[in-house]
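Undergrad: The sequence and its predicted three-dimensional model are supplied below.
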Amino acid sequence: MPAWLLCTMALALLLSAAAWRAERTQQRRGRTTRWLWLAAIAASAIVPLAWLPGVLAAMPAEQAQLKLGWFMLSSGMLLLLALRSVWLLSHQRRWQKTSLLGTPVYLSGGIGPCVAGLLRPRIVMPVWLRLISSQQQALLLAHAQCRLAARDPQLLAVAYALIILMPWNVSLWWQLHRLRFAIEVDCDARMLAQSHALRDYAIVLRQHGQYYSGLTGASPIVLNDPRALRRRRRLMARFTRNRAANLL
């Protein structure tokens, strides 16, 4: 069992390095990278399972605690995700359904701007949105619509489901971090492809992304890392409208 664990972590590390290198190439070519990282997560989590039954059958009795620890980690992560879903459902009852610039949205007291939900994702906007300019409201709304079109909540749900299989594998969590960044870059490309001004969009990212609540399980408008935001702005500065459209 320990040898299998080490081999599994080594495989995930190698796939992480390969995906990171491929990401640079894909970005230079103006192509999306979200599927690259999702494939890395899937391969890291699923491929080792082919040898797991034989490993478990040959595992000595004194190593049974490894199986117990694995089960507890996976169960704990599943329970945490379930609690987050329950928390979200409890807040949905207090959301007010309204229309923003002709688009149906839900107003929340402290959640958003984000896209929340899995089977029926919906746009959630905070009540303070009414206090900002209509131009910024339109940008935040367009950003959320890009997320709906790209099915970001479902994509992240698949990634989390794969990580539940092996939550002890640190490389999987790093791959998830890179996937989230790739999703953000793809969304930036969609925004620029729709002719939104880079300067205005960057201002909205800087000013209003901080209000995102991670408890919803949806991807934030800005990753909680100033360096990630600066890198996204550098990538956006390279985009022309046509090149941004090629990322979709």
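TA: In hand now; what should we look at?
Undergrad: Packing partners of the longest helix along the chain?
TA: Longest helix in the chain, counting residues (DSSP state H): helix 64-92. Contact partners of helix 64-92 among helices and strands, from 3 or more C-beta pairs under 8 Å, 6 or more residues apart in numbering; DSSP states H and E: helix 152-165. For every residue, glycine as well, the C-beta is placed using N, CA and C.
Undergrad: Which helix or strand lies directly C-terminal to the helix it packs on?
TA: Next helix or strand after helix 152-165 toward the C-terminus (DSSP states H and E): helix 170-193.
Undergrad: then the very next helix or strand once past the longest helix of the chain to CSV, C-alphas only?
TA: If you walk from helix 64-92 toward the C-terminus, the next helix or strand you reach (DSSP H and E) is strand 96-100. Extracted in CSV, the C-alpha atoms of strand 96-100 (Å, rounded to 0.1, in the frame of the first residue of the first chain):
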residue,chain,number,x,y,z
GLN,A,96,-35.1,38.0,-4.0
LYS,A,97,-35.8,37.2,-7.6
THR,A,98,-35.6,40.3,-9.7
SER,A,99,-34.4,41.6,-13.1
LEU,A,100,-31.1,43.4,-13.7
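Undergrad: buried sites along the helix or strand that strand 96-100 is followed by?
TA: In the C-terminal direction, the helix or strand that comes right after strand 96-100 (DSSP H and E) is strand 103-108. Across strand 103-108, burial judged by 16 or more other C-beta atoms under 10 Å covers V105, Y106, L107, S108.
Undergrad: and the angle from strand 103-108 to helix 64-92?
TA: Between strand 103-108 and helix 64-92, the angle comes out at 110 degrees (axes from the mean of the first three to the mean of the last three C-alpha atoms, to 10 degrees).
Undergrad: gap between H208 and S75?
TA: 37 Å (C-beta to C-beta, to the nearest Å).
Undergrad: quick one: low-confidence parts of this protein?
TA: Scanning the chain with the threshold set as pLDDT under 70 gives 1, 30, 55-58, 60-64, 209-226, 239-248.
Undergrad: I41 and L162 touch, don't they?
TA: Yes - between I41 and L162 there is a contact at 5.2 Å, judged by C-beta atoms under 8 Å.
Undergrad: Can you name the residues that contact M9?
TA: For M9, the contacting residues are N169, V170, S171, by C-beta atoms under 8 Å, 6 or more residues apart in numbering.
Undergrad: now do 7 Å
TA: If you count contacts by C-beta atoms under 7 Å, 6 or more residues apart in numbering, M9 has them with N169, S171.
Undergrad: helix/strand/coil for it?
TA: Here M9 is recorded as helix under DSSP: H, G, I helix; E, B strand; the rest coil.
Undergrad: any idea how far it lies from I132?
TA: As it turns out, when the distance is counted by C-beta to C-beta, M9 lies 46 Å from I132.
Undergrad: Also A150?
TA: According to C-beta to C-beta, A150 stands 24 Å off from I132.
Undergrad: the more surrounded of the two?
TA: Between A150 and I132, counted using other C-beta atoms under 10 Å, the more crowded position is A150 (19 against 14).
Undergrad: ok, the more buried one touching D186?
TA: Yes - using C-beta atoms under 7 Å, A150 is in contact with D186, at 6.4 Å.
Undergrad: if we can go back for a sec, so I41 and L162 - more neighbours on which side?
TA: Shown here are I41 and L162; by other C-beta under 10 Å, I41 has more neighbours (29 against 19).
Undergrad: what's that one in contact with, if anything?
TA: Each residue near I41 by C-beta under 7 Å, 6+ apart is listed here: A159, L162, I163, L172, Q175, L176, L179.
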